[in-house]
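Chemist: okay, predicted coordinates and the sequence, questions at the end:
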Amino acid sequence: MKRFSVTESLLGKAGYLLLLCMLMTFASCSKDTEAPDEYENWVERNTNYYNHLVDSVNALLAGSPERTDWRVIKAWTKPADTQGATEDYIVVNVLPKDEDLKVDEAVKDVRPIYTDSVDIHYIGRLMPTTSYPEGAVFDRSYYPPLDRRFVKPSRMGVNNLVVGVGTALMNMTLGDHWKVYVPSALGYGSSDYSGIKGGSVLVFEITLDNIIPM
């Protein structure tokens, strides 16, 4: 039987302790590098995100009232003669109009009403997070860039959509391309809906292709 010296024994213990320390360090690092919880404090973060957005856009428009690239629009369901709360409004970023869509001069200023149906292209996202800096996509009718040769629009009744999206559509004209920010109160509300957490701000990119009167 082989005999170990005291030195060998100490080295063995030192090696074991070194290995143990390495494993503990790795475990600690693993915990530190775990993916963040995308939904931590979700309602509070969404509320803060939307309030900050509304305040920023209002300040921008107050300083430059001639700007047309941003709008704050009150929901069609809310009284027009009162100021209302922040969650009574949607925020719109007006993107360049879709020049590929040919619009007849006679209908270029027509807007949908509540009872109409519309043909739209859209992408629906949540608010930006660490893992999804542009917001996680929860619904879409196409993958950008939009190519009408291969993609047909989705037909929907304005009155079948969440209030925030309906409000946006009733202010759009044919060919308009908008990014619409919808607070949870004008979206899916405080309860989870079809995989979307309650309290979520919804961000829709919408292009209006057609209006079908009812």
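Modeler: Received, thanks.
Chemist: roughly how far is stretch 111-127 from the heart of the chain?
Modeler: Remark: stretch 111-127 is offset 15 Å from the chain centroid, using CA atoms, centre = their mean, to the nearest Å.
Chemist: how about it: buried residues?
Modeler: Of all the residues in stretch 111-127, those buried under the rule 16 or more other CB atoms under 10 Å are 112, 116-127. For the C-beta atoms, the positions are set from N, CA and C on the backbone; glycine is no exception.
Chemist: show me the helices in the chain, by range?
Modeler: 6-32, 42-63, 163-169 (DSSP state H).
Chemist: ok, of the ones you listed, where does mean pLDDT dip lowest?
Modeler: Per-stretch mean pLDDT for the helices of the chain is lowest at helix 6-32 (a mean of 43).
Chemist: state which strand of the chain is the longest.
Modeler: strand 202-212 (DSSP state E).
Chemist: OK, contacts around Gln79?
Modeler: Wrong residue type there; residue 79 is Pro, not Gln. With CB atoms under 8 Å, 6 or more residues apart in numbering as the criterion, no residue contacts Pro79.
Chemist: state the distance from it to Asp88.
Modeler: 9 Å (CB to CB, to the nearest Å).
Chemist: what's the answer for Trp76, then?
Modeler: Trp76 sits 11 Å away from Asp88, going by CB to CB.
Chemist: could you do Ala75 as well?
Modeler: From Ala75 to Asp88 the distance is 6 Å (CB to CB).
Chemist: lowest confidence element among the helices and strands of the protein?
Modeler: Least confident element among the helices and strands of the chain, by mean pLDDT, DSSP states H and E: helix 6-32 (a mean of 43).
Chemist: re the thing from before, and the angle for the longest strand of the chain with helix 42-63?
Modeler: 70 degrees (axes from the mean of the first three to the mean of the last three CA atoms, to 10 degrees).
Chemist: quick one: distance of strand 202-212 to the chain centre.
Modeler: Using CA atoms, centre = their mean, the offset of strand 202-212 from its chain centre is 15 Å.
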